[in-house]
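Enquirer: got a predicted structure plus its sequence, pasted below:
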Amino acid sequence: MDPPLYQLKAEFFKTLGHPVRIRVLELLSVREHAVAEMLPEVGVEAAALSQQLAVLRKANLVTTRREGSHVYYRLADDGLAELLSVARGILTGVLQGQAELLAGLRANP
């Protein structure tokens with residue numbers, strides 16, 4: 001029996017639930033990157049980046065191509081870029097609401 005869709009969605013969001021993986025996907029939303037290009041942008045050791053890229057590959061969220069000794073990564077689906085953009089918009093609204101609440105609390109001690 002196949003797992004229910006909500007369970008698959010939960011697994012998908014668990015895969016996204018790491019800051020390094022989110023940062024990698026953000027970078028790949030702009031263009032494909034070689035691993036060496038991502039290292040300074042992500043700010044982790046090469047081994048840690050490789051581990052997170054392996055998780056994304058296993059989940060089929062990124063694809064690779066080899067050019068000489070370089071491996072290039074790109075998003076497997078442009079919908080991921082859209083998802084990250086939507087998440088940014090939601091977070092912006094949440095944080096704005098929290099800032100307004102905080103300002104209200106400070107104004108009315």
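Expert: Received the coordinates, thanks. Residues are numbered from 1 along each chain as shown.

Enquirer: which parts of this structure are helices?
Expert: 5-16, 19-30, 35-42, 46-58, 79-107 (DSSP state H).

Enquirer: a markdown table please, covering those helices and showing distance to residue 67, mean pLDDT and mean neighbour count.
Expert: For glycine as for every other residue, the C-beta is placed from the backbone atoms N, C-alpha and C. Below are the helices of the chain laid out as a markdown table (distance: least, CB to CB, whole Å; pLDDT from 0 to 100; neighbours: other CB atoms under 10 Å):
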| stretch | distance to residue 67 | mean pLDDT | mean neighbour count |
| --- | --- | --- | --- |
| helix 5-16 | 26 | 95 | 11 |
| helix 19-30 | 16 | 97 | 17 |
| helix 35-42 | 12 | 95 | 15 |
| helix 46-58 | 16 | 97 | 15 |
| helix 79-107 | 22 | 91 | 11 |
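
Enquirer: I'd assumed residue 59 was in contact with residue 12.
Expert: Yes: because the distance of 7.4 Å satisfies CB atoms under 8 Å, residue 12 is recorded as touching residue 59.

Enquirer: thinking again about what came up before, for the helices of the chain, give me JSON lines that also has distance to residue 73.
Expert: Below are the helices of the chain laid out as JSON lines (distance: least, CB to CB, whole Å):
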{"stretch": "helix 5-16", "distance to residue 73": "15"}
{"stretch": "helix 19-30", "distance to residue 73": "6"}
{"stretch": "helix 35-42", "distance to residue 73": "7"}
{"stretch": "helix 46-58", "distance to residue 73": "6"}
{"stretch": "helix 79-107", "distance to residue 73": "12"}
